[in-house]
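Student: what would the 3D arrangement of this be:
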Amino acid sequence: MGRFMLLYVGPATPPDASHAGWPEWFAKLGDRLIDRGSPMADGRVLHADGSTSACTTRLNGYSIVQAEDVKDVLRLVKDHPYEALGGEYSIEAYSLD
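Tutor: Numbers count the residues shown, from 1 in each chain. Model (predicted):
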């Protein structure tokens with residue numbers, strides 16, 4: 001099995017956003033969940049000239065899972081609670097192996 005990083009992309013979620021469904025989704029993965037990850041906020045960019053700016057990506061968090069291949073990852077995330085937030089939100093999957 002390979003390892004895949006899931007990146008949660010979309011507008012910033014409000015501090016009082018519901019996390020309903022997340023514990024159940026993590027539990028469903030069982031030993032395929034390598035790292036449940038963490039929310040991410042207030043990103044900064046360091047430019048080659050030493051200046052900084054606000055983050056231009058819209059990353060909200062990450063998780064790391066094990067899967068046979070990309071198709072397997074897509075099956076794992078098809079019912080992820082993050083997808084229920086609507087069309088502005090998406091999950092990107094990247095192979096770590």
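Student: tell me the SS of Tyr82?
Tutor: Following DSSP: H, G, I helix; E, B strand; the rest coil, we place Tyr82 in the helix state.
Student: SS state for the closest residue to it other than its chain neighbours?
Tutor: Leaving aside its chain neighbours, Tyr82 sits nearest to Tyr8 (5.3 Å; criterion: Cβ to Cβ, 6 or more residues apart in numbering). To be clear about C-beta, it is placed using only N, CA and C from the backbone, and glycine gets the same treatment. With three-state DSSP as the basis, Tyr8 sits in strand.
Student: for Tyr8, grab the count of nearby residues.
Tutor: 22 (other Cβ atoms under 10 Å).
Student: surely Val65 and Arg36 touch.
Tutor: No. The criterion here is Cβ atoms under 8 Å, and Val65 misses it with Arg36 at 9.5 Å.
Student: with neighbour numbers in mind, choose between the two.
Tutor: When Val65 and Arg36 are compared for neighbours, Val65 comes out ahead with 24 against 15, by other Cβ under 10 Å.
Student: surely the more buried one is within a strand?
Tutor: Yes. Membership of Val65 in a strand is supported by three-state DSSP.
Student: list the contacts for it?
Tutor: Going by Cβ atoms under 8 Å, 6 or more residues apart in numbering, Val65 touches Arg3, Phe4, Leu6, Leu29, Arg32, Leu33, Ile34, Val73, Leu76.
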